[in-house]
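Visitor: would you be able to build a 3D model of this:
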Amino acid sequence: MPGGRLTQQDRRQIADGLAEGLTYTEIAARLGRPLSTITREVARNGGPAGYQADQAHQATKERAKRSHPAPAERDPRAIDDLEEQFAGIMVTTGLSRMTARVLASLYLTDSGTLTAGELARRLQVSPASVSKAVGELEQQEMIRRERDPRRRHDRYVIDADALFRAWMASARQNTLLADFAHHGARTLGPTSPAGMRLRDVGDFFDHVGQAMLRAAEQWRQTYATRQGQSLDSAESERRADA
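Guide: All right, here's what the predicted structure looks like:
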């Protein structure tokens, strides 16, 4: 297909064209391909004199395998230890033990998504325990819920924006605390000891909240740039193999 990867038949037509003495431009026109695709294909596979279609096709497949190696086998015990350490760290941030375990399971699952039943089986706990944990995570916007129309049940998902959403939720909480503290300071009197104390609390949460918002926006811009670079790299690899 024009613009897609070269097929084995395409490569045989390139070999035939070279054998006939056609120019790269003529071969490109015959296949309906960009000239750069033909010149790159021939150059990386032996040149005009040494180009062989079947060998070129096999070499391209081997390069693709090297570019996308098979994932290494994982040690289940190491994964269990990693999940336990992750959950322990999240408990120190204020999450309940069960909620931290659910979050760790979602983060360390390649798909980043599990149903309530899958979580219950994975953690060997009751569905009610899972339900309470995912409710807490949803409230903090650390996960999101998706409806699976085929199986008629919900899936819980952690994605690239999960931390961003949780951070923004925390920033909003800081803003609410700042507003409350400033209101309390005015009510108590800004020169009273309690009023001055609340004023300082309000200033603190206002400062922290604004800093969190700036940091979140900087991260979003950085992440978008990185994702764009990854897509460009993937597209370059695709074109190089075409």
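
Visitor: name the nearest residue to residue 213, ignoring sequence neighbours.
Guide: Of all residues not flanking residue 213 in the chain, residue 171 sits nearest, at 5.2 Å (Cβ to Cβ, 6 or more residues apart in numbering). Every C-beta, even on glycine, is put in place using the N, C-alpha and C of the backbone.

Visitor: that neighbour: neighbouring residues, count only.
Guide: For residue 171, the number of neighbouring residues by other Cβ atoms under 10 Å comes to 20.

Visitor: isn't it right next to residue 209, touching?
Guide: Yes - if you go by Cβ atoms under 8 Å, residue 171 and residue 209 touch, sitting 5.0 Å apart.

Visitor: so what's the residue nearest to residue 213 up against?
Guide: 209, 212-213, 216 (Cβ atoms under 8 Å, 6 or more residues apart in numbering).

Visitor: how's this protein carved up into domains?
Guide: Structural domains assigned to the chain are 8-67, 77-157, 162-241, following automatic domain parsing.

Visitor: quick one: mean pLDDT for the last one?
Guide: If I follow you right, that is domain 162-241. For domain 162-241, the mean per-residue pLDDT is 83.

Visitor: and that domain, how far from the chain's centre?
Guide: In terms of Cα atoms, centre = their mean, to the nearest Å, the centre of domain 162-241 is set 21 Å apart from its chain centre.

Visitor: the second one too?
Guide: Relative to its chain's centre, domain 77-157 lies at 17 Å (Cα atoms, centre = their mean).

Visitor: end to end, how far does that domain reach?
Guide: Distance between the two ends of domain 77-157: 24 Å, counting by Cα to Cα, to the nearest Å.
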